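Peer 1: sequence and computational prediction follow.
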Amino acid sequence: MLVFVDESGDPGMKGKVGSSALFVVAAVIFFEDGDANKCDDAIAALKPECFKNANSEFKFNKCRRDFRCTFFSKVDKMDFLYVAFVFNKAKMYGPGFQFKSPFYKYACKLLFESAKPYLKEASVTIDGCGDRAFRQQLQAYLKAKINTQKETIKRVKLEASHSNNLLQLADMVCGAVARSYKSDKVNCGEYRQMIKGHELGVNVWPKM
């Protein structure tokens, strides 16, 4: 079982310059390696259609609308599921939320708690280039919090998204979920609707 995690927004708290109103984390789940490989190949095949440089990556916030629609139309045919957690930072209080690293780990914990019924011995890849110490801390933290009755998480690694098409899928999915809560955007729920059949659940905390 393979899981790919990415985020939208930033873990900085409200009131800080440039801080986003929402922080969203999403986990894309493949139950079979073959399904993951098929999706990886499909995304790779799309790149020459959308980009001049085949090494370019799909990032929701940098893609044109037509590229997003092409991407979601293609991956909608693939076998994956996803869960997401949306943090409404305007209603979050407490000293622990003032620091990015603890907030990020807590966000991942809530995400995996919501995904826990569907996971077993999952190999988790998270977008990021954090140092080895942070990766080890994150892996130990998640295993301690999530692997309470079974080995839900087998291993955790951090990897740069530009070299991983399935992390790019997680980015696009996370971006679609985040966009669906931005009512100021035209057709804000359009992209999320395109992959609705893959959605296991989206939690919002605290409630808006």
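Peer 2: Yep, that arrived.

Peer 1: what comes up buried for stretch 101-114?
Peer 2: 103-109, 111-114 (16 or more other Cβ atoms under 10 Å). C-betas here are computed from N, CA, C, even on glycine.

Peer 1: in CSV, list the residues you listed along with secondary structure and distance to A27.
Peer 2: Output for these, formatted as CSV (DSSP: H, G, I helix; E, B strand; the rest coil; distance: Cβ to Cβ, whole Å):
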residue, secondary structure, distance to A27
F103, helix, 17
Y104, helix, 14
K105, helix, 15
Y106, helix, 15
A107, helix, 11
C108, helix, 9
K109, helix, 12
L111, helix, 6
F112, helix, 7
E113, helix, 11
S114, helix, 9
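
Peer 1: which among those residues gets closest to F87?
Peer 2: A107 (6.3 Å; Cβ to Cβ).

Peer 1: skip the chain neighbours and tell me the closest residue to the closest one.
Peer 2: The spatially closest residue to A107, leaving aside those adjacent along the chain, is V25, at 5.0 Å (Cβ to Cβ, 6 or more residues apart in numbering).

Peer 1: list the buried residues for stretch 150-164?
Peer 2: Buried, per 16+ other Cβ under 10 Å, within stretch 150-164: 152-154, 156, 158-159, 161, 164.

Peer 1: then stretch 38-48?
Peer 2: 38-40, 42-43, 46-47.

Peer 1: ok, the helix or strand hosting F23: who's next to it in the sheet?
Peer 2: Assigned by DSSP states H and E, F23 belongs to strand 22-30. The pairing partners recorded for strand 22-30 under DSSP bridges are strand 2-9 (antiparallel), strand 81-88 (antiparallel).

Peer 1: that'll do, ta.
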